[in-house]
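can't give you the sequence, but here's the structure:
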């Protein structure tokens, strides 16, 4: 993973896993906000390492795993929120049978990848 992405994850971790505002992250990395939102974040969101919330960016369980750390409370909430959103979307598409899913690392990555398509 490129150095910028690792620094981004570490910056959120430095703030107890989030939520952290984009301006705070931008200042901590000495990177312009646009560069972060256009270059660094999309990959991290797609991989399920971070999640955007109304209060800021948070590390997910996968983000903590990638860093080799135990998740904090924000990561547990992010994982649960993502699971509920994915289940609701599947139900809305008439795919109730697919709403029962695996929240293991692999299952969560699949949900994140699928959710980014919608």
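Here it is on my side, so go on. Values in this document were obtained by computation on a predicted structure and should not be read as measured data. Residues are numbered from 1 along each chain as shown.

give the contact list for the closest residue to residue 41 other than its chain neighbours.
Ranked by C-beta to C-beta, 6 or more residues apart in numbering and with sequence neighbours excluded, the top spatial neighbour of residue 41 is residue 50, at 7.0 Å. Backbone N, C-alpha and C define where each C-beta goes, glycine included. Counting by C-beta atoms under 8 Å, 6 or more residues apart in numbering, residue 50 makes contact with 8-9, 12, 18, 41, 44, 57-60, 63.

quick check: buried residues in stretch 34-52?
Residues of stretch 34-52 classed as buried by neighbour count (16 or more other C-beta atoms under 10 Å): 36, 40-41, 44-45, 47-51.

show me those residues that map onto helices.
The helices in this structure, assigned by DSSP state H, contain 41, 44-45 from these.

any idea which of those is closest to residue 30?
Within those, the smallest distance to residue 30 is 16.2 Å, found for residue 41 (C-beta to C-beta).

now the residue found closest to residue 21 once you drop the neighbours it is linked to in the chain: phi and psi?
Spatially, and ignoring its direct neighbours in sequence, residue 21 is nearest to residue 56 (4.5 Å; C-beta to C-beta, 6+ apart). Backbone torsions for residue 56, taken as degrees, to the nearest 10, come to phi 140, psi -170.
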